[in-house]
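Engineer: Dropping the sequence and predicted coords here.
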Amino acid sequence: MSDDRVRIDKWLWAARFFKTRSLATREIDLGRVRVEGERVKPAREVRPGERIEILLGSVRIEIVVRSLSEVRSPAPLARRLYEETPASIERRERQAERRRYGAEPAATIKGRPTKKEGRALRSVRRDR
């Protein structure tokens, strides 16, 4: 673990938030990673003590950088690179509790209906 300067895309990969560095870069470009509440570029250097927000799927994780590394290491060592905020831990636990009681019905809807589904919907409406 070095105390040099590290790009945020490399650090996120080394901290095991993303499987590849290109995935980390893509998520940063899409604005799903913010440092101190602001959008950043993949080449931005991260510093110890900075607060990073990461949107992974529907879960928002807030962490504080504790140390720097460019090298991907085993998960127990990678967890030493950051500390999750208490508010983030509580929010994740509440989301997990809600998912345990049932899925959100709207989560299964994926865009517009197909032609076949549209015909089925129209036939149901005509039968009323």
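Structural biologist: Alright, I've got the coordinates.
Engineer: Below-threshold pLDDT in this structure: ranges please.
Structural biologist: 1-3, 106, 128 (pLDDT under 70).
Engineer: Now do the helices in it.
Structural biologist: Listed in chain order, the helices of the chain (DSSP state H) span 8-14, 21-29, 75-78, 86-101, 115-126.
Engineer: Identify each buried residue in the fourth one, please.
Structural biologist: So the one you mean is helix 86-101. By 16 or more other CB atoms under 10 Å, the buried positions in helix 86-101 come out as 88, 92. From N, CA and C alone the C-beta is placed, and that goes for glycine too.
Engineer: Same check on the last one?
Structural biologist: Applying a neighbour-count criterion of 16+ other CB under 10 Å, helix 115-126 contains no buried positions.
Engineer: contacting residues around it?
Structural biologist: Defining contact as CB atoms under 8 Å, 6 or more residues apart in numbering, one finds that helix 115-126 is touched by residue 113.
Engineer: gap between that helix and the chain center?
Structural biologist: 37 Å (CA atoms, centre = their mean, to the nearest Å).
Engineer: Check the first one too.
Structural biologist: Its chain's C-alpha centre lies 13 Å from the corresponding centre of helix 8-14 when counted by CA atoms, centre = their mean.
Engineer: Grab the nearest non-local neighbour of the residue positioned nearest the centre of the chain.
Structural biologist: Of all residues in the chain, the one closest to the mean position by CA atoms, centre = their mean is residue 56, 1.9 Å from it. Take residue 56 and drop its neighbours on the chain: the residue closest to it by CB to CB, 6 or more residues apart in numbering is residue 17, 7.2 Å away.
Engineer: quick one on the thing from earlier: which one of the helices of the chain lies nearest to residue 60?
Structural biologist: Taking CB to CB, helix 86-101 is the member of these nearest to residue 60, at 7.0 Å.
Engineer: Run through who's touching the closest one.
Structural biologist: If you take CB under 8 Å, 6+ apart as the criterion, helix 86-101 is touched by 58-63.
Engineer: Same check on stretch 52-69?
Structural biologist: Residues from elsewhere that reach stretch 52-69 (CB under 8 Å, 6+ apart): 1-6, 8, 11-12, 14-15, 17, 27, 32-35, 37, 46-51, 78, 80-85, 87-88, 91-92, 95.
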